[in-house]
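Engineer: sequence and predicted structure are below.
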Amino acid sequence: MSDARQLLGIKGGSETKNIWKLRLQLMKPITWIPLIWGVVCGAAASGNYQWELNNILASLACMLMSGPLLTGYTQTINDYFDREIDAINEPNRPIPSGAISIPQVKFQIWFLLLLGLGVAYGLDLWAGHSTPTLFLLALGGSLVSYIYSAPPLKLKQNGWLGNYALGASYIALPWWAGQALFGNLTWITALLTLAYSLAGLGIAVINDFKSVEGDKELGLDSLPVVFGIKKASWISAGMIDIFQILMVIVLVLIGQHLASVILVLLIIPQVTFQDIWLLRDPLEFDVKYQASAQPFLILGMLVTALAIGHSSLITVL
């Protein structure tokens, strides 16, 4: 079990000397899932996706770009700039433990970034874009990832800005990529997904609970540091619930009533698991909470995306 946690990049995994396992651990495969799912939601929201071989291969390439490559880049560069914090919170991580050298980490960062941007540009060519939309999205997302982790801006020093940047990167960016690949990315859809990303802010807060000790010592103002564990858990739950409920209202307004009912039914178990795990002890039960509640969140995203893809009002706007 600890070997699996190590490969997935979850806290508490076993240590290893295998360079490829170390590289995979830096990329945190567990974090790829919402990005890959975001591409699915974007393709659904386009209203144009057809189950043809070319489309399937293009969507898989977009998932590769969003997940293993650019999310892998994001996680690796975050570990690089967080090596002092990890030396306090997770000293067995590859970099603070000395299991992988700094030059090897820098090579991995550049390799994943350049390959991800290359795949993005190739997808633009496949889609026949006159403006390289996928490439620009990938470039913009990579820049956000850099300033999230790197000084002097280091957005993660500010709990609100950092967590929103993370939430938008996990929800809005892959959604935009999937929708732009198979259809047209409209301003109204972009704004809706940015609003949905505020629910992602609540998810991002959960990742800060495990780093409270190191964040305090190094002066990072994460929400658990600023507000305390208990209040931060309520903020996390509130952001997740409130902005999904707002999406229910949007679905009603655009005439997608069945989708709005389904989304409500998916929010109910999330609230239940918040009471069971998140609000009682987020430090102890963060992994259990995410494993139990997040499937309903991502299913809700797909329901919303499908509704948007089939809404004539959204298409007109």
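Structural biologist: Sure, I can see it.

Engineer: okay, now Gly167: neighbour count?
Structural biologist: Neighbour count for Gly167, taken as other C-beta atoms under 10 Å: 25. Bear in mind the C-beta positions are built from the backbone N, C-alpha and C, glycine included.

Engineer: could you do Ile240 as well?
Structural biologist: There are 27 residues near Ile240, going by other C-beta under 10 Å.

Engineer: assign it to helix, strand or coil.
Structural biologist: Three-state assignment for Ile240 (DSSP: H, G, I helix; E, B strand; the rest coil): helix.

Engineer: can you give me the helices in the stretch 151-300 of the chain?
Structural biologist: All helices of the stretch 151-300 of the chain, identified by DSSP state H, counting those that start in this stretch, fall at 159-182, 187-208, 212-218, 223-227, 229-253, 257-273, 282-309.

Engineer: list the buried ones in the last one?
Structural biologist: Within helix 282-309, the residues that qualify as buried by neighbour count (16 or more other C-beta atoms under 10 Å) are 282, 285-287, 289-290, 292-294, 296-298, 300-309.

Engineer: least reliable of the helices of the stretch 151-300 of the chain by average pLDDT, please.
Structural biologist: The minimum mean pLDDT among those belongs to helix 212-218 (a mean of 80).

Engineer: returning to what we had before: select, out of the helices of the stretch 151-300 of the chain, the one closest to Ser101.
Structural biologist: Nearest of these to Ser101, taken as C-beta to C-beta: helix 212-218 at 22.1 Å.

Engineer: quick one: contacts of that closest one?
Structural biologist: By C-beta atoms under 8 Å, 6 or more residues apart in numbering, the residues outside helix 212-218 that reach it are 84-89, 208, 220-222, 224-225, 229, 283.

Engineer: from those, which single one is nearest Ala127?
Structural biologist: Closest to Ala127, out of all of the contacts of helix 212-218 and judged by C-beta to C-beta, is Asp208, at 36.9 Å.
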